[in-house]
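Student: okay, here's the prediction I keep looking at, along with the sequence it came from:
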Amino acid sequence: MVRRTLSIVLVLLAVRAGQAVAAEAPTVRELVEVADIEALSVSPDGRTLAFRVKRASIEENSYRLDWHVADIGAGAVRRVAHGGAPIYTNGAIETEPAIWSSDGRFIHYRARIDDAVGLWRAAADGAGVRPVVQGDADVESVEPAEGGNALIFVTGPSRAEIARAERAEYDDGILVDASVDLAQQAFRGGWVRGRRSSERLIGRWFSRDELLWRSPRSRHRLDLATLVVSAAARADPAAVMPFRPGHVLPSPMATSAAGDVVEAVAGEDEAVRIEVRRAGGRSMICAAAACRTGRVVAIAWRPGHDEILFTVQDRNLRQTLRAWPVGSRHVRRVAGGDGLLSGSRSGSSSCAYTADHAICVAAGPASPPRLERIDLDGGGRSILLDPNQDLRRRSQPIVEQISLALPDGRRVTGSVMYGQARRAGPAPLFIHYYQCSGFLRGGGFGDRFPTLAMAGAGFVVACLNAVPNAEADGVGRFRDALASVELLVRHLADRGLVDSRRVGMGGFSFGSEATMWTAMNSDLLAAAAITSPQYEPGMYWLSSARGRDYAEPMRRYFGVGAPDEDVAGWRRLSPALNADRIRIPLLMQMPEQEARTTAELHTRLSNSATPVEMYLFPDEAHLVVQPRHMRAIYQRNLDWFRYWLAGGIDPDPAKASQYERWEALRRRRDASAAE
């Protein structure tokens, strides 16, 4: 009896310990509501920093935007203004640094308040906020002028003009031409500057803008001393650039106060050249090896010094800040880490600099973003603001950063995470494929899979970076993805970490395409989830009317012509035409703007024995942004993979119907397999 009682006590203690460990893992809500730090700008005297904190709110189904000012030397941070409602455009929230007045007393920023995008001024000492430009037309862009004594801002047609044009075509019918995306809701089916708007394709792949995007823009000058607005020259809309697959971003470049220019140029062999061009015409190139290794993602002049500060990113998307005294043969490493220094997601922004410090947003695979001050000479680091400190205390999975060699020598890089209390024996594996930079709250680029919550639920979770291959076409990149997944599964299974029979995969955009290619062309996967459309015959016909730029890139990049002319090419590429080869459970969670292009795939699978479910999310574009939608996507992806890979069922009564459907899908699949 004593032994039986002791056994029961030990079991209860073990269960409670397991519950305690599980409770330490971040929840879906916490991952959705991570605070991001963005839009850094240093005051003219170099003493203070303005920045914005953006935090999602599931309760409000929106984002809280707050402007802060930090005393860089003392480390004190104060909130100085609410940033208004999010300015959604093309499925993303617009962000740009605040502009300082020349005396450092005020910051100026665009904000959407009372449904109007205007210019606002906040006192840096927190004394008050006021609008300085509010009109019938939105402020579309703003830039400093005249040494900080004025601003130049651009406005377009009034909101009333846009509404009248939208209503007129609603009443008269919408002429379908090359600018109309038939997959999208035609009347106010998108978001432009924070409002539901009728959108048009503007000539570069799927780039969009509001209905009157061709209307002339007007430039205005705001005198920051008097706050008087005067007219400036009229501005035409930006020229429309053609789509170019593999388009290379502009080289990082910066100009000093003296007019000297520094640029980081990548050659055809991917070698980097950092070149300084003096205002007088002389130029020099950094000869140090450290100037030629890694991709330069940001570059700047150190204020008050003849020194270049540049951020390099390695193949694992880890960033290092380096300093090069111009003319020297030596480069100094200032700071680095396991993730980004210049942003919490993409790393495409930059640190801000004073004569003595770099102020950077640091974020790693399991480390949410925080604002750090880095000593440029000694490398010492201190925290200015950590808005995610509660989450940081909970999110402590084991993180391994991997680099595996393909047969041709190219490297497969990424991060592997699993919980501290991982059960003995091989675990189910989930793989996110595409881009793995910064804090992996949602698996990687696109943020659709709750990585840390999955690790806490007993999964080994991997995020793989797409293998660089400048020579490959689209199909070649898909084959690289499959080879990468095969290599990773073999590597982790050989170590005894994962069960190669319980592998799930998902991704966003190209990651979704790579997931479906893997499902079509291998038996590696036991379940999958996608969040973006595929290349399908139906999408071709929706997107290839005369004047559209879809057909030509498809021919050039994927080698396929029209579906009725190139049956074999589309048979190779299209998941819908390969539905008979897709036998694993598939979850499709799609933005409404793109969901219609996946109808054939869903229909074919739903009429087969393959388990499939599809959800669409209203008022969402390629990048899903509404917090409640993000929560639903995160939670359903977690539930889906727990169910199909680990037999897990959430006891929440509200989910009973979900599991009844999935059980029915399982029974239908199993019955078909037994026939």
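Tutor: Noted; the coordinates are in hand.

Student: where exactly do the strands run in the stretch 351-500 of the chain?
Tutor: 352-353, 357-364, 367-375, 381-385, 398-405, 411-418, 427-434, 460-465, 498-507 (DSSP state E, counting those that start in this stretch).

Student: those strands: which one's closest to residue 66?
Tutor: strand 381-385 (11.1 Å; Cβ to Cβ). For the C-beta atoms, the positions are set from N, CA and C on the backbone; glycine is no exception.

Student: point out where the stretch 151-300 of the chain drops to low pLDDT.
Tutor: Along the stretch 151-300 of the chain, segments meeting pLDDT under 70 span 233-249, 267-270.

Student: again, only using 90
Tutor: 183-186, 189-196, 202-209, 214, 231-251, 257, 265-273, 280-281, 292-295 (pLDDT under 90).

Student: residues contacting the nearest residue to residue 94 once chain neighbours are set aside?
Tutor: Distance criterion Cβ to Cβ, 6 or more residues apart in numbering; nearest residue to residue 94, sequence neighbours excluded, is residue 87 at 4.3 Å. Applying Cβ atoms under 8 Å, 6 or more residues apart in numbering to residue 87 gives the contacts 93, 94, 110, 112, 117, 193, 194.

Student: now, those residues that are in strands?
Tutor: 93, 110, 112, 117 (DSSP state E).

Student: quick check: of these, which lies closest to residue 175?
Tutor: Of all the ones in strands among the contacts of residue 87, residue 175 sits closest to residue 117, with 28.5 Å by Cβ to Cβ.

Student: partner residues bridging the closest one?
Tutor: For residue 117, the beta-bridge partners are residue 112 (DSSP bridges).

Student: also residue 321?
Tutor: With DSSP bridges as the rule, residue 321 is bridged to residue 311, residue 335.

Student: wouldn't it be in contact with residue 358 here?
Tutor: Yes. Using Cβ atoms under 8 Å, residue 321 makes contact with residue 358 at a distance of 6.1 Å.

Student: give the contact list for residue 384.
Tutor: 49, 70, 72, 75, 77, 359, 371, 372, 373.

Student: list buried residues within the residues you listed.
Tutor: Buried residues within the contacts of residue 384, counting neighbours by 16 or more other Cβ atoms under 10 Å: 49, 70, 72, 77, 359, 371, 372, 373.

Student: of all pairs in the residues you listed, which one spans the longest distance?
Tutor: 77 and 372 (12.4 Å).

Student: before we move on, the earlier item: looking at the contacts of residue 87, which is nearest residue 577?
Tutor: residue 93 (36.9 Å).

Student: what about that closest one, how many neighbours?
Tutor: Residues near residue 93, counting by other Cβ atoms under 10 Å, number 19.

Student: quick one: pLDDT of it?
Tutor: With respect to pLDDT, residue 93 scores 90.

Student: hang on, the earlier thing: just send the strands of the stretch 351-500 of the chain back as JSON lines, with distance to residue 583 too.
Tutor: Listed next are these as JSON lines, based on distance: least, Cβ to Cβ, whole Å:
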{"stretch": "strand 352-353", "distance to residue 583": "52"}
{"stretch": "strand 357-364", "distance to residue 583": "37"}
{"stretch": "strand 367-375", "distance to residue 583": "38"}
{"stretch": "strand 381-385", "distance to residue 583": "49"}
{"stretch": "strand 398-405", "distance to residue 583": "28"}
{"stretch": "strand 411-418", "distance to residue 583": "26"}
{"stretch": "strand 427-434", "distance to residue 583": "18"}
{"stretch": "strand 460-465", "distance to residue 583": "23"}
{"stretch": "strand 498-507", "distance to residue 583": "14"}
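
Student: CSV for the ones you listed, including mean pLDDT?
Tutor: As requested, the strands of the stretch 351-500 of the chain are exported to CSV (pLDDT from 0 to 100):
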stretch, mean pLDDT
strand 352-353, 96
strand 357-364, 96
strand 367-375, 96
strand 381-385, 97
strand 398-405, 95
strand 411-418, 96
strand 427-434, 97
strand 460-465, 97
strand 498-507, 97
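
Student: what sits in contact with each of residue 321 and residue 358?
Tutor: In contact with both residue 321 and residue 358: 309, 334, 335, 341, 351, 374, using Cβ under 8 Å, 6+ apart.

Student: coming back round to it: let me know the closest of the buried ones among the contacts of residue 384 to residue 664.
Tutor: Distances from residue 664 to these, taken by Cβ to Cβ, are shortest for residue 371, at 49.5 Å.

Student: that closest one against residue 51, yeah?
Tutor: Yes. At 6.9 Å, residue 371 counts as touching residue 51 under the criterion of Cβ under 8 Å.

Student: which residues are common contacts for those two?
Tutor: 37, 70.

Student: returning to that earlier point: which of the ones in strands among the contacts of residue 87 lies closest to residue 667?
Tutor: Checking those against residue 667 with Cβ to Cβ, the nearest one is residue 93 at 43.2 Å.

Student: please tell me how far the closest one sits from residue 110.
Tutor: 12 Å (Cβ to Cβ, to the nearest Å).

Student: repeat for residue 667
Tutor: 55 Å.

Student: sorry, back to before: as TSV, the shared contacts of residue 321 and residue 358 with neighbour count would be great.
Tutor: Listed next are those as TSV, based on neighbours: other Cβ atoms under 10 Å:
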residue	neighbour count
309	24
334	23
335	22
341	27
351	24
374	21
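
Student: what number of residues lie near the closest residue to residue 476 other than its chain neighbours?
Tutor: Excluding the flanking residues, the one nearest residue 476 by Cβ to Cβ, 6+ apart is residue 469, at 6.3 Å. Residue 469 has 14 neighbours, counted by other Cβ under 10 Å.

Student: and the pLDDT for residue 469?
Tutor: pLDDT at residue 469 comes out at 80.

Student: quick one on the thing from earlier: possible to save the contacts of residue 87 as a markdown table with distance to residue 515?
Tutor: Output for those, formatted as a markdown table (distance: Cβ to Cβ, whole Å):
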| residue | distance to residue 515 |
| --- | --- |
| 93 | 26 |
| 94 | 30 |
| 110 | 37 |
| 112 | 36 |
| 117 | 37 |
| 193 | 33 |
| 194 | 32 |
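
Student: among those residues, which one sits closest to residue 205?
Tutor: residue 94 (19.8 Å).

Student: tell me how many other residues surround the closest one.
Tutor: 16.

Student: distance of it from residue 548?
Tutor: Residue 94 is 26 Å from residue 548, by Cβ to Cβ.

Student: rewinding a little: the residue nearest to residue 476 against residue 477, yeah?
Tutor: Yes. Using Cβ under 8 Å, residue 469 makes contact with residue 477 at a distance of 6.3 Å.

Student: among the contacts of residue 384, which pair sits farthest apart?
Tutor: Top of the distance list for the contacts of residue 384 (Cβ to Cβ): 77 and 372, 12.4 Å.

Student: ok, residue 630 touching residue 56?
Tutor: Yes. Counting by Cβ under 8 Å, residue 56 is a contact partner of residue 630 at 7.1 Å.

Student: any residues in contact with both of those two?
Tutor: residue 32.

Student: Throw the ones in strands among the contacts of residue 87 into JSON lines and include distance to residue 186, thanks.
Tutor: Shown next, in JSON lines, are those (distance: Cβ to Cβ, whole Å):
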{"residue": "93", "distance to residue 186": "24"}
{"residue": "110", "distance to residue 186": "28"}
{"residue": "112", "distance to residue 186": "24"}
{"residue": "117", "distance to residue 186": "24"}
